[in-house]
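Colleague: here is my input; please provide its structure:
(one chain, ligands or ions: 1)
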Amino acid sequence: MDNRPIGIFDSGVGGLTVTSRVIEQLPDEEIVYFGDTARVPYGSKSKDTITKFAKQDIRFLLSKDVKAIVVACNSVSSNSLEELKDRFEVPIFGVVIPGAEEAANVSRNKKVGVIATSATIRSGAYEKEILKVDESINVYSKACPLFVPLAEAGWADDEITRLTAKKYLSELLEKDIDTIVMGCTHYPLLKECIKDTVGENVTLVDPAHETALSLKAYLEKNDMLRVSDIPAENKFYVSDKTETFNEICSQALGKCFESEYINIEEY
Ligand code: DGL
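Modeller: Now for the predicted structure:
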């Protein structure tokens with residue numbers, strides 16, 4: 001038994017979609033969430049900057065005595081995971097491998113689309129991991145940077161978002177893909193719009209679900225689950241207080257939690 005909390009971090013509010021999947025699988029666990037709302041987006045930054053920010057984010061979570069860390073941010077998972085695992089002793093879980101494996105297993109026609117930030121697409125991490133499962137799969141990648149501000153604006157059901165989705169996704173649909181990995185924490189917030197655009201025959205993979213399952217399996221196997229009669233209490237920290245946190249928190253977790261400001265530059 002290990003009653004310490006699980007740390008989850010993201011470049012901002014998008015990681016709350018991953019947090020909701022973790023809560024779904026591990027409702028008795030306590031979570032410390034950090035969203036780097038002052039420095040979002042990571043998806044347009046260089047590998048070095050993303051890695052530097054991620055190290056600070058992890059140092060902050062370690063100051064809260066977490067027993068494991070979920071790197072909710074795809075831009076970090078795809079660019080910096082190995083370096084972070086080498087640097088820190090705490091078990092660290094990324095979202096890319098679970099998402100890639102799920103997509104490779106789900107695709108019937110072996111044509112998979114990956115949509116993500118520019119940094120994630122540039123890393124080629126999803127493609128590499130999908131091909132590790134089945135090298136005969138054709139992977140088609142597309143950076144969709146405008147999805148992030150649209151999701152943050154709460155425009156999930158807006159004409160502009162539908163047009164943007166059509167413009168980004170038509171290229172992938174022309175390739176006859178039957179599966180799309182939503183390789184960015186914000187995209188599940190636009191899931192209905194993406195689904196309407198790609199149609200029922202394309203399966204949308206949210207890496208967060210498989211990530212939560214692998215975290216659960218790890219904690220079970222290593223006898224690290226929280227056991228307590230006291231209900232789990234989650235804590236949320238941000239590097240800048242913004243309206244967006246409250247809005248996305250309500251959307252992703254069904255309720256608006258209080259967030260506390262921390263100065264991430266101190267870590
Ligand atoms: N959280 C980021 C990701 O999943 C998206 C937002 C950003 O660009 O920082 O890649």
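
Colleague: contacts and neighbour counts: CA atoms only from here.
Modeller: Noted.

Colleague: residue of the stretch 151-267 of the chain nearest the ligand, please.
Modeller: residue 184 (3.5 Å; C-alpha to the nearest ligand atom).

Colleague: these two touch, right, that residue and residue 76?
Modeller: No - using C-alpha atoms under 8 Å as the test, residue 184 is too far from residue 76 to be in contact (10.4 Å).

Colleague: which stretches of the protein form helices?
Modeller: Secondary structure of the chain (DSSP state H): helices located at 16-25, 47-62, 74-87, 96-106, 118-123, 125-133, 147-152, 159-173, 191-198, 207-221, 243-253.

Colleague: least confident of these, on average?
Modeller: Mean pLDDT values for the helices of the chain show the minimum at helix 243-253, a mean of 89.

Colleague: check the burial of residue 74 by counting its neighbours.
Modeller: 31 (other C-alpha atoms under 10 Å).

Colleague: what's the nearest residue in space to it that is not next to it in sequence in contact with, if anything?
Modeller: Leaving aside its chain neighbours, residue 74 sits nearest to residue 184 (5.5 Å; criterion: C-alpha to C-alpha, 6 or more residues apart in numbering). For residue 184, the contacting residues are 14, 73, 74, 75, 115, 116, 117, by C-alpha atoms under 8 Å, 6 or more residues apart in numbering.

Colleague: pretty sure residue 106 contacts residue 179?
Modeller: Yes - using C-alpha under 8 Å, residue 106 makes contact with residue 179 at a distance of 7.2 Å.

Colleague: out of these two, which sits in the more crowded spot?
Modeller: With neighbours defined as other C-alpha under 10 Å, residue 106 and residue 179 compare such that residue 179 has more, 28 against 17.

Colleague: give the contact list for the more buried one.
Modeller: Applying C-alpha under 8 Å, 6+ apart, the residues contacting residue 179 are 103, 106, 107, 111, 112, 113, 202, 203, 204, 205.

Colleague: if we can go back for a sec, for the residue nearest to residue 74, give me the backbone phi and psi.
Modeller: Dihedral pair for residue 184: phi -150, psi 140, per degrees, to the nearest 10.

Colleague: what about residue 63, how many neighbours?
Modeller: 9.

Colleague: cool, residue 180 as well?
Modeller: Here the count is done by other C-alpha under 10 Å, and residue 180 has 28 residues near it.

Colleague: kindly provide the distance from the closest residue to residue 101 other than its chain neighbours to residue 112.
Modeller: If the residues on either side of it in the chain are set aside, residue 101 comes closest to residue 130, at 6.1 Å by C-alpha to C-alpha, 6+ apart. When distance is defined by C-alpha to C-alpha, to the nearest Å, residue 130 is 9 Å away from residue 112.

Colleague: the two - which one has more neighbours?
Modeller: Comparing residue 130 with residue 112 by other C-alpha under 10 Å, the one with more neighbours is residue 112, at 28 against 25.
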